[in-house]
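Visitor: what's the 3D shape of this:
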Amino acid sequence: MDVLFAAPIGALLIFGLRVVDVSMAIVRMIMAVRGYRALAAVIGFVEVLIWLFAAGAALQHLDSVYHVVGYAAGFAAGNYVGIWLENRFALGVNVVRAVCPAPTEANLEVRSPTADALREAGFAVTEIGGRGREQSVTILDVVVPRRRVNVVLDLVREHEPDAFVTVEEVRSMRGGYVRPGGRKMPFLARG
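Guide: Here you go, the predicted model:
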């Protein structure tokens, strides 16, 4: 193994190991923050094993610019890959909150056409009447799996282009429905 790491290809191996271990570190941290402790622990175990090989090889070859650059470049690329992977998997649940002008000033009981469009697309929507600075508003809350957030944003933009929209991560939830495409998903509720 030492002969392999001492060769010029060793710098590429160190680079590859760092990409893998730093990517795993990012995913591990996100899993830990979201409450997936067991998964975070398993990822952390593998991540540290890989890091030990990469750091050990780099420390043995500090006199080689290629090995040092491979280590540093692997760290940088690992950050990029880790964030890309996390976005690709899109784990978790978000709440999309859209503040739209109320359908009529006098009657807050009139249903929002944006809420109706979201419901027709299979999303569970909570409508809340409110008052903005200049007019009555309807606040729409949609709890949705993260991978479906863009669908909700597109529907809101299509029906109410001037809506004020925020997207927040849900740390935990209990009861109710998360309905992407009309399916109840009780297994997403973490108590």
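
Visitor: Show me where the chain dips below the pLDDT cut-off.
Guide: Residues of the chain meeting the criterion pLDDT under 70: 104-110, 175-191.

Visitor: And the strands in it?
Guide: For the chain, the strands defined by DSSP state E cover 93-101, 126-131, 136-145, 164-169.

Visitor: can you list those strands in JSON lines and add distance to residue 157 and mean neighbour count?
Guide: Where C-beta positions appear, they are placed from N, C-alpha and C, glycine not excepted. Listed next are those as JSON lines, based on distance: least, CB to CB, whole Å; neighbours: other CB atoms under 10 Å:
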{"stretch": "strand 93-101", "distance to residue 157": "9", "mean neighbour count": "20"}
{"stretch": "strand 126-131", "distance to residue 157": "18", "mean neighbour count": "13"}
{"stretch": "strand 136-145", "distance to residue 157": "13", "mean neighbour count": "21"}
{"stretch": "strand 164-169", "distance to residue 157": "8", "mean neighbour count": "12"}
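
Visitor: Which of those sits closest to residue 57?
Guide: For the strands of the chain, proximity to residue 57 was assessed by CB to CB; strand 164-169 is nearest, at 37.3 Å.

Visitor: can you pull the buried residues of stretch 35-46?
Guide: Within stretch 35-46, the residues scored as buried using 16 or more other CB atoms under 10 Å are 36, 40, 43-44.

Visitor: Stretch 24-36 now?
Guide: In stretch 24-36, counting by 16+ other CB under 10 Å, buried: 24-28, 30-31, 34, 36.

Visitor: export these to a markdown table and tack on distance to residue 117?
Guide: Formatted as a markdown table, the buried residues of stretch 24-36 follow (distance: CB to CB, whole Å):
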| residue | distance to residue 117 |
| --- | --- |
| 24 | 40 |
| 25 | 41 |
| 26 | 36 |
| 27 | 35 |
| 28 | 39 |
| 30 | 32 |
| 31 | 34 |
| 34 | 30 |
| 36 | 33 |
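
Visitor: Which residue ranges make up each domain of the chain?
Guide: Domain assignment for the chain by automatic domain parsing gives 2-89, 93-188.

Visitor: Do me a favour and get the end-to-end distance for the shortest one?
Guide: I take that to be domain 2-89. Start and end residues of domain 2-89 are separated by 36 Å (CA to CA, to the nearest Å).
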